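> the following comprises the amino acid sequence and a computationally predicted model.
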Amino acid sequence: MRQKGFIFEVGDLVHGKQGSKVSFEIEEKLDLDFEKDAKPVSSLSAKVTFMKIDCGIHVGIKDASVKFEFICTKCAKKHNEMISIDEAERVYLLERQQDISDVFDAYYIDMKNMKIDISEFVRQEIILHFPTIPVCSRSCKGLCPSCGADLNDTSCDCGEPKLEQHKPLAILKTLYNVKASSTEEKNRKSQNKT
């Protein structure tokens with residue numbers, strides 16, 4: 001079984017006995033599409049295992065790690081963060097099956113060339129392990145909302161920003177007060193008449 005990038009020749013495994021296994025330790029550069037604010041800065045290292053099963057080949061990835069450059073959502077500085085994948089797995093099918101609910105979530109062996117391309121599998125797993133909100137550190141103070149100064153490096157004299165409070169129902173209180181005062185006035189007039 002040979003490998004070129006994330007493409008593996010699996011002809012021997014496809015024609016082999018069920019339960020046959022082949023393992024690799026890979027160190028590959030990531031030339032895959034990621035978010036615009038996420039850029040790989042190191043190669044991906046991982047253990048990849050292929051096992052023949054009745055409907056295709058089971059592919060498992062273990063101990064994968066790669067370093068990415070992200071932009072901090074608080075201070076907009078670039079910072080590096082290690083992405084680690086303990087374990088992930090997919091089944092690559094020999095042929096299309098009718099009972100698959102989501103055809104976009106199925107992976108297939110290229111039977112013509114007897115190859116498996118795990119690049120999309122790897123890309124999806126890495127994205128699943130991205131930080132939800134990338135920040136350079138837990139103590140990042142961010143940027144001043146008034147003058148834009150980086151509060152990690154300097155301080156500014158802007159003070160606490162005055163936040164506009166959006167209160168869409170505040171007009172109801174005003175209307176209620178107007179109605180209440182007009183009702184009181186009517187009650188006074190009716191009492192004065194008696």
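Here it is on my side, so go on.
> return the helix or strand in this structure with minimum mean pLDDT.
Ranking every helix and strand in the chain by mean pLDDT, DSSP states H and E puts helix 170-193 at the bottom, with a mean of 73.
> please state the offset of that helix from the chain centre?
In this view, helix 170-193 has its centroid 55 Å away from the chain centroid, taken as Cα atoms, centre = their mean, to the nearest Å.
> now that helix - C-alpha only, PDB.
Taking C-alpha atoms only, helix 170-193 is exported to PDB below (Å, rounded to 0.1, in the frame of the first residue of the first chain):
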ATOM      1  CA  ALA A 170     -40.000  51.500  26.500                       C
ATOM      2  CA  ILE A 171     -42.700  53.400  24.500                       C
ATOM      3  CA  LEU A 172     -45.300  51.200  26.100                       C
ATOM      4  CA  LYS A 173     -44.400  52.600  29.500                       C
ATOM      5  CA  THR A 174     -44.800  56.100  28.200                       C
ATOM      6  CA  LEU A 175     -48.100  55.300  26.700                       C
ATOM      7  CA  TYR A 176     -49.300  53.600  29.900                       C
ATOM      8  CA  ASN A 177     -48.200  56.700  31.900                       C
ATOM      9  CA  VAL A 178     -50.100  59.000  29.500                       C
ATOM     10  CA  LYS A 179     -53.200  56.900  29.700                       C
ATOM     11  CA  ALA A 180     -53.000  56.500  33.500                       C
ATOM     12  CA  SER A 181     -52.700  60.300  33.900                       C
ATOM     13  CA  SER A 182     -55.600  61.000  31.600                       C
ATOM     14  CA  THR A 183     -57.700  58.400  33.500                       C
ATOM     15  CA  GLU A 184     -56.800  60.100  36.800                       C
ATOM     16  CA  GLU A 185     -57.800  63.500  35.300                       C
ATOM     17  CA  LYS A 186     -61.200  62.100  34.200                       C
ATOM     18  CA  ASN A 187     -61.800  60.700  37.600                       C
ATOM     19  CA  ARG A 188     -61.000  64.000  39.300                       C
ATOM     20  CA  LYS A 189     -63.400  65.900  36.900                       C
ATOM     21  CA  SER A 190     -66.200  63.400  37.600                       C
ATOM     22  CA  GLN A 191     -65.600  63.800  41.400                       C
ATOM     23  CA  ASN A 192     -65.600  67.600  41.100                       C
ATOM     24  CA  LYS A 193     -69.000  67.400  39.300                       C
END
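> check the gap between residue 124 and residue 118 for me.
With the distance defined as Cβ to Cβ, to the nearest Å, residue 124 ends up 10 Å from residue 118. Every residue, glycine included, has its C-beta placed from N, CA and C.
> who are the packing partners of whichever strand or helix holds residue 59?
In this structure, residue 59 sits in strand 56-71 according to DSSP states H and E. In terms of contacts (3 or more Cβ pairs under 8 Å, 6 or more residues apart in numbering; DSSP states H and E), strand 56-71 is packed against strand 38-40, strand 44-53, strand 78-93, helix 119-128.
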